[in-house]
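K.L.:
Dropping the sequence and predicted coords here.
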Amino acid sequence: MPMQRPTGDEYERRKQIAEDFKDKGEFKIRLTSYCNKASRLSLKQLDRLILDIAAGKNSYAALRQREPRLNSPTLIHYLDNQPAYPNFITGGLNFANPVKPGEAYFKIDPLPDNYVAPYSFKDSDTFSLAVDGENRRYRLRNERTQFYFSCVAAVAGVLSVIIALFSLAK
């Protein structure tokens, strides 16, 4: 299927990007520099972000407040809806999707008009949980429920031992 030329606002947006990146080499250098600023988050850090988003603390500012190491390149690594690469600039360049299966925990919602790599999030950008994020949240909830019931069972066991000792003492 032949690539269709973008029209209207999409064309103007891409035209602006083309002016920002005069050639493929400049684009590649800027994108590489951007990607090098990304870091990996621990599962504990991801869990906190997942729970915050689920609780409605879903702005980029709120996420950065929770996790100060978070920056745009790092967050993009965990997004389900990756930014577009300007096709007519990259031409033959092929950039692989940095998200590994099972790690797309979040999605930016709604998509910004200028959501093209390399994208820098604004404090007002908001996020929701992607399918992987919902699955991780479900596992966390189940783990907490299991922990709660195991604590209740342990307390009940201790109480039954104490009651048994009192009944033997009589």
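P.N.:
Sure thing, it's come through. Numbers count the residues shown, from 1 in each chain.
K.L.:
Report all helices and strands that the lengthiest helix in the chain contacts.
P.N.:
Identified as the longest helix of the chain according to DSSP state H is helix 131-169. On a contact count with 3 or more Cβ pairs under 8 Å, 6 or more residues apart in numbering; DSSP states H and E, helix 131-169 meets helix 43-54. C-beta: built from backbone N, CA, C; applies to glycine.
K.L.:
now the helix it packs on and helix 131-169, what's the angle there?
P.N.:
100 degrees (axes from the mean of the first three to the mean of the last three Cα atoms, to 10 degrees).
K.L.:
now for helix 43-54, which elements pack on it?
P.N.:
helix 60-66, strand 127-129, helix 131-169.
K.L.:
Could I get the contacting residues of Cys119?
P.N.:
One correction, residue 119 is Tyr, not Cys. 72, 76, 83, 112 (Cβ atoms under 8 Å, 6 or more residues apart in numbering).
K.L.:
Next: Ser39.
P.N.:
By Cβ under 8 Å, 6+ apart, the contact set of Ser39 is 69, 71, 74.
K.L.:
what bits of this structure have low per-residue confidence?
P.N.:
Residues of the chain meeting the criterion pLDDT under 70: 1-24, 86-102, 146-149.
K.L.:
could you redo the last one with a cut-off of 50?
P.N.:
Judged by pLDDT under 50, the chain has its weakly predicted residues at 1-6, 88-97, 99.
K.L.:
measure Phe106 to Leu49 for me?
P.N.:
7 Å (Cβ to Cβ, to the nearest Å).
K.L.:
Equivalent analysis for Leu41, please.
P.N.:
8 Å.
K.L.:
Neighbour count: those two, which is higher?
P.N.:
The neighbour comparison of Leu41 against Leu49 (other Cβ atoms under 10 Å) goes to Leu49, with 24 against 20.
K.L.:
Next up, the contacts around the more buried one.
P.N.:
Leu49 touches 41, 63, 66-67, 70, 105-106, counting by Cβ under 8 Å, 6+ apart.
K.L.:
Between Leu41 and Leu49, which contacts overlap?
P.N.:
Shared contacts of Leu41 and Leu49, counting by Cβ under 8 Å, 6+ apart, come down to 67, 70.
K.L.:
picking that back up, kindly reformat the contacts of Tyr119 as TSV containing secondary structure, neighbour count and distance to Thr126.
P.N.:
Output for the contacts of Tyr119, formatted as TSV (DSSP: H, G, I helix; E, B strand; the rest coil; neighbours: other Cβ atoms under 10 Å; distance: Cβ to Cβ, whole Å):
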residue	secondary structure	neighbour count	distance to Thr126
Ser72	helix	19	14
Ile76	helix	23	15
Pro83	coil	17	16
Pro112	coil	13	10
